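Visitor: Any chance you can model this:
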Amino acid sequence: YDTPGKEYCLHTEVATACCFCGGGGEDTTPSSPMTSPMCVDLKPGGNWGAGGYTCDTYDTPGKEYCLHTEVATACCFCGGGGEDTTPSSPMTSPMCVDLKPGGNWGAGGYTCDTYDTPGKE
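Guide: Numbers count the residues shown, from 1 in each chain. Here you go, the predicted model:
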């Protein structure tokens, strides 16, 4: 084999079990659920946003401030606001997970790591 350390990939048991040979399995650990876009408060219009007032100023029990259009359209707690347009991290492909090599290749505690590093056997 022309790539040092890959000679073990010629053996089916190692090739199908080990990621470094192109085998292995996919990580089936559940990932965090997809979340909907994050709401961000906007600056309330008119005098509602003057003097440093923000949506946090009007977020009180009872939500009576949501009756005012300027607050209702600007504030997430009223169902208004805007979407966070910060780019999210790119989608990643599933992670490869080494499997236990079959037969004697996985005996005695040998794993894919054993065969991935020349001279480690």
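Visitor: which stretches of this protein form helices?
Guide: 12-17, 55-58, 69-74, 112-116 (DSSP state H).
Visitor: Quick one: these as a markdown table, columns for mean pLDDT and mean neighbour count too.
Guide: For glycine as for every other residue, the C-beta is placed from the backbone atoms N, C-alpha and C. Shown next, in a markdown table, are those (pLDDT from 0 to 100; neighbours: other Cβ atoms under 10 Å):
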| stretch | mean pLDDT | mean neighbour count |
| --- | --- | --- |
| helix 12-17 | 90 | 19 |
| helix 55-58 | 92 | 17 |
| helix 69-74 | 94 | 19 |
| helix 112-116 | 86 | 19 |
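Visitor: To Gly24, which of the ones you listed lies closest?
Guide: Of all the helices of the chain, it is helix 12-17 that lies closest to Gly24, at 6.6 Å by Cβ to Cβ.
Visitor: quick one on the thing from earlier: put together CSV for the helices of the chain, with distance to Glu83 on each row.
Guide: Below are these laid out as CSV (distance: least, Cβ to Cβ, whole Å):
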stretch, distance to Glu83
helix 12-17, 44
helix 55-58, 15
helix 69-74, 13
helix 112-116, 44
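Visitor: Mind checking those for the one nearest to Gly46?
Guide: helix 69-74 (5.2 Å).
Visitor: That closest one - contacts with which helices or strands?
Guide: If you count contacts as 3 or more Cβ pairs under 8 Å, 6 or more residues apart in numbering; DSSP states H and E, helix 69-74 packs onto helix 55-58.
Visitor: Give me the contacts around the helix it packs on.
Guide: By Cβ atoms under 8 Å, 6 or more residues apart in numbering, the residues outside helix 55-58 that reach it are 41-42, 44, 48, 65, 71, 74-77, 81.
Visitor: 7 Å instead, please
Guide: Identification of contacts with helix 55-58 by Cβ atoms under 7 Å, 6 or more residues apart in numbering yields 41, 44, 65, 71, 74-77.
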